[in-house]
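In: quick one: sequence and predicted model below, then my questions.
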Amino acid sequence: MSHVTVHLWRVPTAAVPLAVARMAADRWLLRGTPGLTFSKLLGTGDGRTLSPRDADPRTWGLVAAWQRAEDAVAFEAHRTPRGWRRIAEEEWRADLACQRTRGRWSGREPFTAREDLRGWDGPVVSLTRARLRPRTAATFWRAVPPVVADLEAGPQPLLRVGIGEAPIGVQGTLTLWRAAADLEAFAYRRGPHRRAIADTTRLDWYGEELFARFALLGVRGTVSQVSTTSPVGTAPGRGDLRA
């Protein structure tokens, strides 16, 4: 059974060069971390086009999977989060358990779904990640704005972040919802996103893709993209979310 964490760090403009340096250094520092089974350091953006135009050089992230929750707790004393705290003005962390997952990330299946979470009725996090085929990138980017516009017209996620491992061609989304019903209403019942799902197969956009949904077990800290001051549902956890 794996435990998953997401960290987001927001740095002042003057610290952006240090953040870029941390992204390079932490790839080495994370190797051999006790209990760590998978990790990806990520750049972020506002998620409006999923193209380089969205890039937010002040916000950076880490997605990690752990053998045990205790390993994730111990990680807070690791050189990586400690180093980010020295340069960040905000830090946000979510603790997650996987409800469902399909696809691969860098050739791996990084998350393990838990059968006991199928009836979860608290807040959920959706993570998507894809590697675009160069020949289909233009059609993909043209399809994104209608989906984003439809998202903004319906139930709003508490948090929406574009994520990426490279400036072009390898990107995804991280969204936090009050309940699975809000996520499902956007993903499967509203027209633009349903058409985008159909086009994924019809136009063969991706060389690799992954979708995962998680129960939100706990959250703490703040990051500027969060648009609510309310407690996150009824899930166990601590901390607040604020813009």
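Out: The structure has been received and is ready for your questions.
In: tell me the secondary structure at Arg31.
Out: Of the three states, Arg31 takes coil according to DSSP: H, G, I helix; E, B strand; the rest coil.
In: no wait, Leu183
Out: Of the three states, Leu183 takes helix according to three-state DSSP.
In: what about it, how many residues close to it?
Out: 20 (other Cβ atoms under 10 Å). C-betas here are computed from N, CA, C, even on glycine.
In: try Gly32
Out: Neighbour count of Gly32, defined by other Cβ under 10 Å: 7.
In: any chance you could map the strands in the chain?
Out: Along the chain, the segments classed as strands by DSSP state E run 3-10, 36-45, 55-66, 90-103, 124-132, 159-164, 170-177, 206-221.
In: for the protein, give me the ranges with low pLDDT.
Out: Within the chain, the segments meeting pLDDT under 70 span 1, 47-52, 133-155, 167-169, 187-206, 225-243.
In: of the strands of the chain, which is nearest Phe111?
Out: The closest of the strands of the chain to Phe111 is strand 90-103. By Cβ to Cβ, the value is 4.3 Å.
In: now for the closest one, which elements pack on it?
Out: On a contact count with 3 or more Cβ pairs under 8 Å, 6 or more residues apart in numbering; DSSP states H and E, strand 90-103 meets strand 3-10, helix 79-87, strand 124-132, strand 206-221.
In: could I get these as a markdown table with distance to Thr112?
Out: Formatted as a markdown table, those follow (distance: least, Cβ to Cβ, whole Å):
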| stretch | distance to Thr112 |
| --- | --- |
| strand 3-10 | 9 |
| helix 79-87 | 23 |
| strand 124-132 | 14 |
| strand 206-221 | 10 |
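In: hey, which of the ones you listed is tucked in deepest?
Out: Neighbour counts averaged per stretch over the helices and strands packed on strand 90-103 are highest for strand 3-10, at a mean of 24; criterion: mean count of other Cβ atoms under 10 Å.
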